[in-house]
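Engineer: Quick one: sequence plus predicted model below, questions after.
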Amino acid sequence: MSLAPHDLRRRLVAWAVETEGSTRSVALIRIGLAALLWARWASDLQLFRDLTPAGVGLALVFFPATTLMLLGVWSQWTTAIAATTALTFVYAGDALSNVYWGHHNTFLLAYATFLCALTPCGRSYSFDRWWAVRRARREHRPPPAERGNLWGLRLLACQLSAIYFWSAYDKTSIAFLTGERLELIFRWLYVGSSPPAFPGFAAAMPLLAVTTVALEYALAGGMLFAATRRWLAVPGLMLHGLFYVLLPMGTFSTTMWCLYLAYFDADTVHERLDELHGVVDA
Amino acid sequence: MTQRARLVAFGLIVAFQFGGPFYRQVLHGQNPIFKNWVMYRGVGTGLVEVTFFQRDTPQRDTPVDRFAVLGFERRTAPETLFRIAGAKGFARVTRQLCERLGPNADLRAHAREATAHGWRPLARGHDNLCAPHDPEIS
């Protein structure tokens, strides 16, 4: 393996913007994000909640766009419209509807939808796909390949790594690593103003804090490489599972779970799905 | 979209992903277009940890369950009693307990408040908090 600068640059560019691969991963991400967009915003956007022109307008764009995104109808366009609507909530929600939607979980959801729209996310698991296959059959052609440029998937992977890195960076402080910040979070959520009665509470906090930070730094870099990903994926998923159960996370953990697909090789995901579907020698 | 345009867009987006938090978390910029990844910072600040007790004799202290004295169960108690916030919250709960315990109560507490710089003592159990003046409560 050559590590000369021009080779490295060539490989990096190829990885970033030239990779053609299966579109099943991005299709699954599209479906997952549409469901998460509903989980986060649908109840806030029911028409009776805000009858101002802005509120009604946002709702009338959000519901059709996310429905078509989920079904995979004109997928890339409807995903782009859903992303634009969601980013409007994040950046202008308080001005338009008097609601602050700029939290991390909502930003990640909206931004990931935007990145998903950069991919051919309708070439698999969509009405777009179904219509394309039927058209090909009518014209006696083989069905179109479920393949496309995966640069949006790469950007999603980079976004996840950025989250891990900067989140770990924020925690790299004496206050966090000694367990003090974590202790306060758990006290606030679980214990209240009484002294903690769990045995080992004080000792567990620094251990949990150091483990969390170390794992987040490892995930930031390690999930980008196949050799380390195989060891880190399960601990990463478990970390988000724990966050989801223990802390008020909103849609953050489930969004991260959904976006983990971006880290995995898209053609391998395709093969595994073929195995799941019982397709032999696909 | 040409590969070159895609490469430029890729670079700009990755710069936003990594540079935005750098601007917010390292340079301490405030522009909300850029997101930081700072989560749960400040949660728990202001929380008061407290144990109340009554001094029956100079040698004997009896723990006081603030929930029971005020007629609540722990799981259904008001938020402000479960999580006492700040010196004012501590003073308010102390006042309520003193009213409920009666005029001759000798209520004391070990209490400390979580601040951004560590724990700040509020009461060390030396004084009767139900006395007309409660010098320990700041």
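Structural biologist: It's in.
Engineer: which residues does the closest residue to B:R83 other than its chain neighbours contact?
Structural biologist: What sits nearest to B:R83 in space, not counting adjacent residues and going by CB to CB, 6 or more residues apart in numbering or on different chains, is A:G192, at 4.8 Å. In short, each C-beta sits where N, CA and C put it, glycine included. A:G192 makes contact with B:47, B:82-84, according to CB atoms under 8 Å, 6 or more residues apart in numbering or on different chains.
Engineer: Just confirm yes or no for stretch B:110-121 near chain A.
Structural biologist: Yes. Interface with chain A: stretch B:110-121 contributes B:114, B:118 (CB under 8 Å from any CB of the partner chain).
Engineer: Off-centre distance for that stretch?
Structural biologist: How far stretch B:110-121 lies from its chain's middle: 9 Å, per CA atoms, centre = their mean, to the nearest Å.
Engineer: Would you state the strands of the chain in chain order?
Structural biologist: Assuming you mean chain A. Using DSSP state E, the strands of chain A run over residues A:20-22, A:147-149.
Engineer: My question was about chain B, not that one.
Structural biologist: Counting by DSSP E, one finds strands in chain B at the ranges B:48-57, B:60-64, B:107-115, B:118-124.
Engineer: Of all the strands of chain A, which one is nearest chain B?
Structural biologist: Nearest of the strands of chain A to chain B, taken as CB to the nearest CB: strand A:147-149 at 7.5 Å.
Engineer: Quick check: the residue of chain B nearest chain A.
Structural biologist: B:G44 (2.8 Å).
Engineer: Roughly how far does that residue sit from A:A42?
Structural biologist: 32 Å (CB to CB, to the nearest Å).
Engineer: Nearest spatial neighbour of the spatially most central residue of chain B, chain-adjacent residues omitted?
Structural biologist: Central residue of chain B (CA atoms, centre = their mean): B:L47, 1.8 Å from the mean position. By the measure of CB to CB, 6+ apart, the closest residue to B:L47 outside its immediate chain neighbours is B:A114, 4.7 Å from it.
Engineer: Contact residues of the stretch 51-200 of chain A facing chain B?
Structural biologist: So the stretch 51-200 of chain A meets chain B at A:91, A:102, A:104, A:107, A:115, A:149, A:151, A:154-155, A:158-159, A:162-163, A:165-167, A:169-170, A:180-181, A:183-185, A:187-189, A:192-195 (CB under 8 Å from any CB).
Engineer: burial count for the closest residue to chain B within the stretch 51-200 of chain A?
Structural biologist: Nearest residue of the stretch 51-200 of chain A to chain B, counting by CB to the nearest CB: A:L184, 2.8 Å away. A:L184 has 22 neighbours, counted by other CB atoms under 10 Å in any protein chain shown.
Engineer: just A:F63 next, same as before
Structural biologist: For A:F63, the number of neighbouring residues by other CB under 10 Å comes to 18.
Engineer: do the same with A:A27
Structural biologist: Counted by other CB under 10 Å, the residues lying close to A:A27 total 25.
Engineer: and the gap between it and A:W151?
Structural biologist: Counting by CB to CB - A:A27 and A:W151 are separated by 16 Å.
Engineer: A:Y125 against A:L28, yeah?
Structural biologist: Yes. At 6.7 Å, A:Y125 counts as touching A:L28 under the criterion of CB atoms under 8 Å.
Engineer: out of these two, which sits in the busier spot?
Structural biologist: A:Y125 (21 against 17).
Engineer: ok, which stretches of chain B are helices?
Structural biologist: Secondary structure of chain B by DSSP state H: the helices cover B:3-21, B:66-69, B:79-82, B:86-101.
Engineer: what residues are up against the residue of chain B closest to chain A?
Structural biologist: A:181, A:183-185, A:187-188, B:114.
Engineer: Over to it: give its phi and psi.
Structural biologist: phi 100, psi -20 (degrees, to the nearest 10).
Engineer: Can you tell me the closest non-neighbouring residue to it?
Structural biologist: B:G44's closest residue in space is A:L184 (CB to CB, 6+ apart), at 2.8 Å.
Engineer: Of the residues of the stretch 51-200 of chain A next to chain B, grab the buried ones for ChimeraX.
Structural biologist: Per 16 or more other CB atoms under 10 Å in any protein chain shown, the buried members of these correspond to this ChimeraX selection:
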select /A:91,102,104,107,115,149,151,154,155,158,159,162,163,165,166,167,169,170,180,181,183,184,185,187,188,192,193,194
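Engineer: for chain B, which spans come out with low pLDDT?
Structural biologist: Per-residue confidence for chain B (pLDDT under 70) gives these ranges: B:133-138.
Engineer: quick one: contacts for A:V99?
Structural biologist: A:V99 touches A:44, A:93, counting by CB under 8 Å, 6+ apart.
Engineer: so what's it scoring on pLDDT?
Structural biologist: If you check A:V99, the pLDDT there is 72.
Engineer: What distance do you get for it to A:L33?
Structural biologist: Distance of A:V99 to A:L33, computed by CB to CB: 21 Å.
Engineer: Same check on B:G125?
Structural biologist: B:G125 is 55 Å from A:L33, by CB to CB.
Engineer: Please identify which of the two sits among more neighbours.
Structural biologist: A:L33 (29 against 15).
Engineer: Give me the pLDDT value at the more buried one.
Structural biologist: The confidence metric pLDDT takes the value 98 at A:L33.
Engineer: That one is in contact with A:L109, isn't it?
Structural biologist: Yes. With contact defined as CB under 8 Å, A:L33 counts as touching A:L109 (6.9 Å).
Engineer: Give me the common contacts of these two.
Structural biologist: Shared contacts of A:L33 and A:L109 (CB under 8 Å, 6+ apart): A:T255.
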